[in-house]
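Novice: Model the structure of this input:
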Amino acid sequence: MLKATQLEYKYKSGPTLTFPSIEIGSGDPLLVLGDSGSGKTTFLQLLAGIRKPIQGQILFEDIPLDKLSDSALDKFRGRNIGIVFQQPYFIDALTVEENIMASYYFSSIKKNEKRGTQLLDRLNILKKAKSRPRQLSVGEQQRVGIALALINSPKLILADEPTSALDDNNAQAVLSLLREEADRLGSALIIVTHDKRLKDNIEQTINL
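Specialist: Okay, the predicted model is just below:
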């Protein structure tokens, strides 16, 4: 499903970052561990097509992401890739449930309100459905961000520090949901984190 080979990226001021080659199939989970500053978020952004590598290639179902135009990549990402950002992005004027439903509009996928309710319930955040994002705690915002990433049933789930702001119980609930959704959808799952609590839960692991 996803294959990344010999990826390199360079910021304007800083060293060139090199990343290990990976290849994962449908339903496969991968944990990418690394300390702060090791390039975990950059690696995830490369895999999502948010950044373009200076070297190497990313193939998603044999489609080279770096060859797509910006508009084609945006459409492809909206339909196929769910991203759990370290800092979730919301439309502040909308409620939690309205933000989730807006994801269907932006990706041109048929709305499924029941799925949104189910995800919020699984993440123990359904009681906040009518709240504005600014009324949520950091941990609650992070869980809503996970619902946003999963709402379109993506083929590839990329999660950037999805448990960093959560206590042990909620961290385990989030990990279970990510793995169950990946299994149910046949999606590849890549989690980048420095949270060592996840290490014993995912067999395939690489370190940056």
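
Novice: For the rest of this, base every contact and every neighbour count on C-alpha atoms.
Specialist: Fine.

Novice: ranges for the helices of this structure?
Specialist: 40-48, 70-80, 96-107, 113-122, 138-150, 168-185 (DSSP state H).

Novice: closest one to Ile202 among the ones you listed?
Specialist: Proximity to Ile202, assessed across these by Cα to Cα, is greatest for helix 168-185 (9.3 Å).

Novice: what's the angle between the lengthiest strand in the chain and helix 40-48?
Specialist: Counting by DSSP state E, the longest strand found in the chain is strand 2-10. Computed with axes from the mean of the first three to the mean of the last three Cα atoms, to 10 degrees, the direction of strand 2-10 lies at 130 degrees from that of helix 40-48.

Novice: Could you spell out the sheet neighbours of strand 2-10, each with its direction?
Specialist: Strand pairing for strand 2-10, using DSSP bridges, gives strand 16-18 (antiparallel), strand 22-24 (antiparallel), strand 55-60 (antiparallel).

Novice: Need the contact partners of that strand.
Specialist: The set of residues external to strand 2-10 that reach it, using Cα atoms under 8 Å, 6 or more residues apart in numbering, is 16-25, 47, 52-62, 188.

Novice: Compute the first-to-last residue distance for stretch 91-100.
Specialist: 10 Å (Cα to Cα, to the nearest Å).

Novice: which among the contacts of strand 2-10 end up buried?
Specialist: For these, a burial check counting by 16 or more other Cα atoms under 10 Å picks out 17-19, 24, 47, 52-53, 56-60, 188.

Novice: Find the pair from these with maximum spatial separation.
Specialist: Leu17 and Ala188 (23.9 Å).

Novice: So, low pLDDT: which residues of this structure?
Specialist: Low-confidence segments of the chain, defined by pLDDT under 70, are located at 106-109.

Novice: now, of the helices of the chain, which is deepest in the fold?
Specialist: Mean neighbour count, computed with mean count of other Cα atoms under 10 Å, is highest for helix 138-150 among those, reaching a mean of 24.

Novice: Kindly calculate the angle that it makes with helix 168-185.
Specialist: Going by the same axes, to 10 degrees, helix 138-150 makes 0 degrees with helix 168-185.

Novice: For helix 138-150, which outside residues touch it?
Specialist: Taking Cα under 8 Å, 6+ apart as the rule, helix 138-150 contacts 81-89, 96, 99-100, 103, 116, 119-120, 123, 125, 133, 157, 162, 165-166, 174, 181.

Novice: what about the nearest residue to Glu23 once chain neighbours are set aside, neighbour count?
Specialist: Nearest non-adjacent residue to Glu23, counting by Cα to Cα, 6 or more residues apart in numbering: Lys3, 4.3 Å away. For Lys3, the neighbour count with other Cα atoms under 10 Å is 18.

Novice: Across the sheet, point out what pairs with Lys3.
Specialist: Beta-bridge partners, per DSSP bridges, of Lys3: Glu23, Leu59.

Novice: out of the strands paired with strand 2-10, which comes closest to Thr41?
Specialist: Closest to Thr41 of these is strand 16-18 (Cα to Cα; 11.6 Å).

Novice: which outside residues touch the closest one?
Specialist: So strand 16-18 is contacted by 6-10, 39 (Cα under 8 Å, 6+ apart).
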